[in-house]
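1. coords below, sequence missing:
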Ligand code: PMP
């Protein structure tokens with residue numbers, strides 16, 4: 001019997017990362033391929049303590065159906081943190097809790113996209129967003145990413161030529177490049193989008209992971225009504241809890257709530273309560289500072305090993321946050337061939353190709369610096385240098 005699948009499945013790429021993670025699961029492989037936080041920075045005891053407290057005090061409500069919008073104390077925590085950290089004046093009624101920020105992208109696609117709609121996205125762009133939006137069969141319009149953010153002249157051309165429904169971007173420590181948009185680029189993007197009807201999807205999965213200096217204002221600050229901002233607890237608490245959120249004006253949020261109801265009624269009640277308990281009974285600012293200190297050190301170490309060990313003609317980005325470095329090999333080098341050779345040396349990398357919606361990027365590589373410890377990074381980069389040499 002031949003089963004017939006929806007045409008949209010043929011247009012949706014399989015997550016290359018999940019496929020690669022399968023190959024890299026064996027313990028002798030040092031992996032720079034995934035996007036996992038350091039296991040040493042997941043506060044198992046603090047989260048266990050929060051869970052005990054929720055079971056002791058929450059009663060059946062902690063295991064009951066709940067509202068689609070999410071657990072109010074958690075939404076209040078998020079709104080309050082936006083106000084304190086970024087001076088963003090939002091209330092809990094503008095926050096919807098999602099099953100990781102990945103679900104936020106799916107719900108945004110569901111609410112805004114019809115088949116054939118134009119979606120502008122950074123080039124290279126976050127693979128998970130390409131996958132999430134692909135299910136709604138859009139036309140992707142890549143906007144080249146420069147050292148300090150999107151190429152605004154290209155964005156302006158795209159907006160002039162097409163009826164762009166969404167522009168999706170990651171202004172802080174972008175995945176895959178590690179690039180952070182400058183303040184000027186944020187202002188320019190906001191003024192280009194203002195009044196056009198194009199929604200800016202501001203994915204801020206990495207905003208808290210900044211190694212030095214102050215956070216730059218989110219684009220939402222300049223473009224409050226037509227920006228949909230997403231956030232995640234995966235990088236500062238634990239990804240396995242699958243807790244993320246969407247921050248949008250109440251009218252947009254209302255539509256997203258309907259889409260979420262249809263999808264899963266609400267996010268996991270227990271995870272929400274444990275997380276809220278953990279966040280409000282621990283010094284989360286100190287924890288974020290520790291994460292930034294450790295990842296900052298990892299990033300510096302990996303950068304200097306690239307500079308010392310890799311052949312001439314290799315270039316890299318200079319991230320000031322996040323979890324990824326982006327490496328460009330000399331023209332003619334193939335990152336897929338390097339992937340194979342590196343795996344033979346028991347080190348895993350992520351070839352950059354799947355981050356390009358229009359092909360290209362054959363000589364680019366994304367390297368994760370959060371998951372391995374410093375010894376692992378040093379050993380893994382020596383192995384990678386040997387693979388490159390070969
Ligand atoms: N956005 C970006 C830019 C990411 O890198 C990730 C994680 N790889 C996500 C969203 C999704 O993360 P989560 O669902 O764990 O919040």
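-> Received it, and whenever you're ready, just let me know what you need. Not measured: the values here are computed from a predicted model.

2. How is residue 359 assigned, secondary-structure-wise?
-> Here residue 359 is recorded as coil under DSSP: H, G, I helix; E, B strand; the rest coil.

3. And for it, the neighbour number?
-> 8 (other Cβ atoms under 10 Å). No exception for glycine: its C-beta is placed from N, CA and C like everyone else's.

4. Pull up the per-residue confidence for it.
-> pLDDT, residue 359: 93.

5. And it, how close does it get to the ligand?
-> To the ligand, residue 359 is 21 Å away according to Cβ to the nearest ligand atom, to the nearest Å.

6. Tell me how many other residues surround residue 160.
-> 10.

7. now do residue 119
-> Neighbours of residue 119 (other Cβ under 10 Å): 28.

8. pretty sure it is in a helix, no?
-> No: in this structure, residue 119 is strand, not part of a helix, as judged by three-state DSSP.

9. Who are the contact partners of it?
-> 113, 133, 138, 139, 140, 141, 164, 165, 166, 167, 168 (Cβ atoms under 8 Å, 6 or more residues apart in numbering).

10. do stretch 260-279 and the ligand meet at all?
-> No: using Cβ under 6 Å from any ligand atom, stretch 260-279 stays clear of the ligand, with a minimum separation of 11.4 Å.

11. what's the straight distance from one end of that stretch to the other?
-> Distance across stretch 260-279, first residue to last, is 24 Å (Cα to Cα, to the nearest Å).

12. before we move on, what about stretch 129-148?
-> Per Cα to Cα, stretch 129-148 runs 21 Å from first to last residue.

13. what comes up buried for that stretch?
-> Within stretch 129-148, the residues scored as buried using 16 or more other Cβ atoms under 10 Å are 129-138, 140-143, 145.

14. With stretch 270-282 instead?
-> In stretch 270-282, counting by 16+ other Cβ under 10 Å, buried: 270, 271, 272, 273, 274, 275, 276, 277, 278, 279, 282.

15. can you tell me which of the contacts of residue 119 are in helices?
-> residue 133 (DSSP state H).

16. and the contacts of residue 119, which of them are in strands?
-> 139, 140, 141, 164, 165, 166, 167, 168 (DSSP state E).

17. Measure how buried the closest residue to the ligand within the stretch 251-390 of the chain is and give me the count.
-> Taking Cβ to the nearest ligand atom, the ligand has its nearest neighbour within the stretch 251-390 of the chain at residue 323, 7.7 Å off. By other Cβ under 10 Å, the residues close to residue 323 number 27.

18. can you give me the strands in the stretch 251-390 of the chain?
-> 315-316, 324-328, 347-348, 350-351, 364-368 (DSSP state E, counting those that start in this stretch).

19. Same list, the ones you listed, but as JSON lines with distance to residue 288 and mean pLDDT please.
-> Below are those laid out as JSON lines (distance: least, Cβ to Cβ, whole Å; pLDDT from 0 to 100):
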{"stretch": "strand 315-316", "distance to residue 288": "25", "mean pLDDT": "98"}
{"stretch": "strand 324-328", "distance to residue 288": "18", "mean pLDDT": "98"}
{"stretch": "strand 347-348", "distance to residue 288": "28", "mean pLDDT": "96"}
{"stretch": "strand 350-351", "distance to residue 288": "25", "mean pLDDT": "95"}
{"stretch": "strand 364-368", "distance to residue 288": "19", "mean pLDDT": "98"}
